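Visitor: need a structure here:
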Amino acid sequence: MTYDPSDDASAAPAPKGPVGTGEAQIHYVAEAEDGIRLDRWFRRRWPHLSNIQVQKMARGGQIRVDGARIKPEGRLTAGAAVRVPPIPEPIVRAPGEHMPLTPADIAFAKSLVIYEDDLVIALNKPHGLAVQGGTKTTRHVDRLLSAWGEGMDRPRLVHRLDRDTSGVLLLGKGPEAAKRLAGAFARRQAKKTYWAIVLGMPKPSAGQIDMPLKKSGINDFEIMRPADRKENGAEPAETAFALISHAGQRASWMALRPFTGRTHQLRAHMKGIGHPILGDPKYGDERSNELSGPLKLQLHARRIELDHPSGGKLIVEAPISPELRAGFQHFGFEESEGDYDPFEGVKRIR
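Guide: Modelled structure (predicted):
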């Protein structure tokens, strides 16, 4: 990882509060949420809220987007700042959700840090750790951010990773740094490189996937499927891919770069071209499941490059996870084979 201040200078979910805080907070719309309705955005974060409660807050002017009023059915834009008024407590709390962090929690959170300066923290998020909580999830990154303090001292999430995807996760220190980082993600200026092991060997070995995706199902059964560009609810989704190494025709180590930020985009796209990521219980098929055996999801956010909030470039690389290392060992891949940028000079199709 490097930070070069000589380079030219140049949202996402914030903490799940402000439940019970008595104060309004600013949350940033994630890149994967571009175009979502305001009422649905609120219900995703605070499922205990009723539609009537959201409508009342919006129509009363308590909710504002970039300083302006918005209707409950209004659409949000990635990177937009949403003023969230105090949210009432849910009647039933998940066990431990509001408990203060233990010394062990704080030590664990700090152990994830792979880069930190005055404005940015980069974590190497492990497999199985959710970024945000839910009714059955009480240990997640969002809660662990209290390890750095509360209020202005509490870092802000500026993008997300799936629970079972490991790798680089960036945090902004303070609202201004978070806004700048989230804006870079929203404007597609962050160059993200993922490593994955997939079924078979894609042909051609490098290219771009331009495949709109549509969300189906709800909650744990939510899945993204390929959709016609004109289909209602279809969202544009683009991914570049490049072969790094392969184990015969059985499996391939791929570099993936999403140009858009749809939910499960990489997993859905690789399945869509017939090469699902190994260890994926949601998007795998019979052949990939058989080849995966005991392997967990073979997807790792390896590298992020974007403008640093204070100027220059920020480049962070996350060491591979134990889960991906198990995949490398199983198929005989050497990490040194990936010591180059397979997407140098690659630009999105659209």
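Visitor: make it CA atoms for all contacts and neighbour counts henceforth
Guide: Noted.
Visitor: for residue 105, give me the backbone phi and psi.
Guide: Comment: the main-chain dihedrals of residue 105 come out as phi -60, psi -50, following degrees, to the nearest 10.
Visitor: what about it, how many neighbours?
Guide: Burial of residue 105 is recorded as 17 neighbouring residues (other C-alpha atoms under 10 Å).
Visitor: would you mind confirming that it is in contact with residue 146?
Guide: No: contact status for residue 105 versus residue 146: not in contact, 9.6 Å apart, counting by C-alpha atoms under 8 Å.
Visitor: ok, which stretches of the protein are helices?
Guide: According to DSSP state H, the chain carries its helices in the segments 38-45, 51-59, 103-111, 141-144, 175-186, 265-272, 286-292, 322-331.
Visitor: now those helices in CSV, with distance to residue 25?
Guide: What follows is these, written out as CSV (distance: least, C-alpha to C-alpha, whole Å):
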stretch, distance to residue 25
helix 38-45, 13
helix 51-59, 14
helix 103-111, 23
helix 141-144, 15
helix 175-186, 10
helix 265-272, 29
helix 286-292, 43
helix 322-331, 37
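Visitor: for residue 24, give me phi and psi.
Guide: In terms of degrees, to the nearest 10, the main-chain angles of residue 24 are phi -80, psi 150.
Visitor: and the pLDDT for it?
Guide: Residue-level confidence at residue 24 comes out at 87, pLDDT.
Visitor: how about the contacts made by it?
Guide: Going by C-alpha atoms under 8 Å, 6 or more residues apart in numbering, residue 24 touches 18, 83-86.
Visitor: and which of those residues is nearest residue 110?
Guide: Within the contacts of residue 24, the smallest distance to residue 110 is 23.7 Å, found for residue 18 (C-alpha to C-alpha).
Visitor: how far away is residue 109 from residue 197?
Guide: 28 Å (C-alpha to C-alpha, to the nearest Å).
Visitor: please apply the same query to residue 261.
Guide: Here the distance between residue 261 and residue 197 works out to 20 Å (C-alpha to C-alpha).
Visitor: in terms of neighbours, single out the busier of those two.
Guide: Shown here are residue 261 and residue 197; by other C-alpha under 10 Å, residue 197 has more neighbours (30 against 23).
Visitor: ok, that one - contacts?
Guide: 251-254, 277-278, 298-299, 327.
Visitor: tell me, how many neighbours does the closest residue to it other than its chain neighbours end up with?
Guide: When the adjacent residues along the chain are set aside, residue 197 lies closest to residue 253, with 4.5 Å between them (C-alpha to C-alpha, 6 or more residues apart in numbering). Each residue near residue 253 was counted by other C-alpha under 10 Å, and the total is 26.
Visitor: go on, residue 162?
Guide: 16.
Visitor: and what of the one 10 residues further on?
Guide: Using other C-alpha under 10 Å, residue 172 has 24 neighbouring residues.
Visitor: state the pLDDT value of it.
Guide: Reported pLDDT at residue 172 in the predicted model: 94.
Visitor: residue 163 too?
Guide: The per-residue pLDDT reported for residue 163 equals 93.
Visitor: coming back round to it: redo the contacts of residue 197 as CSV? Include distance to residue 270 and pLDDT.
Guide: Written out in CSV, the entries for those read as follows (distance: C-alpha to C-alpha, whole Å; pLDDT from 0 to 100):
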residue, distance to residue 270, pLDDT
251, 13, 98
252, 12, 98
253, 12, 98
254, 10, 98
277, 7, 98
278, 10, 98
298, 12, 98
299, 11, 98
327, 17, 98
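Visitor: which of these fall in strands?
Guide: For the contacts of residue 197, the ones inside strands are 251-254, 299, with DSSP state E as the criterion.
Visitor: between the residues you listed, which is nearest residue 73?
Guide: residue 299 (35.0 Å).
Visitor: where in the stretch 201-350 of the chain is pLDDT low?
Guide: Low-confidence regions of the stretch 201-350 of the chain, defined by pLDDT under 70, span residues 218-220.
Visitor: swap in 50 and give it another go.
Guide: Low-confidence segments of the stretch 201-350 of the chain, defined by pLDDT under 50, are absent.
Visitor: residue contacts, the closest residue to residue 128 other than its chain neighbours?
Guide: Using C-alpha to C-alpha, 6+ apart and skipping the chain neighbours, the partner closest in space to residue 128 is residue 164 (4.7 Å). When the contact criterion is C-alpha under 8 Å, 6+ apart, the partners of residue 164 are 126-130, 297.
Visitor: with residue 259 instead?
Guide: Taking C-alpha under 8 Å, 6+ apart as the definition of contact, the neighbours of residue 259 are 188, 237-240, 348.
Visitor: residue boundaries of the strands in the stretch 101-250 of the chain?
Guide: 113-116, 120-125, 156-157, 166-172, 191-199, 206-210, 213-216, 223-226, 238-247 (DSSP state E, counting those that start in this stretch).
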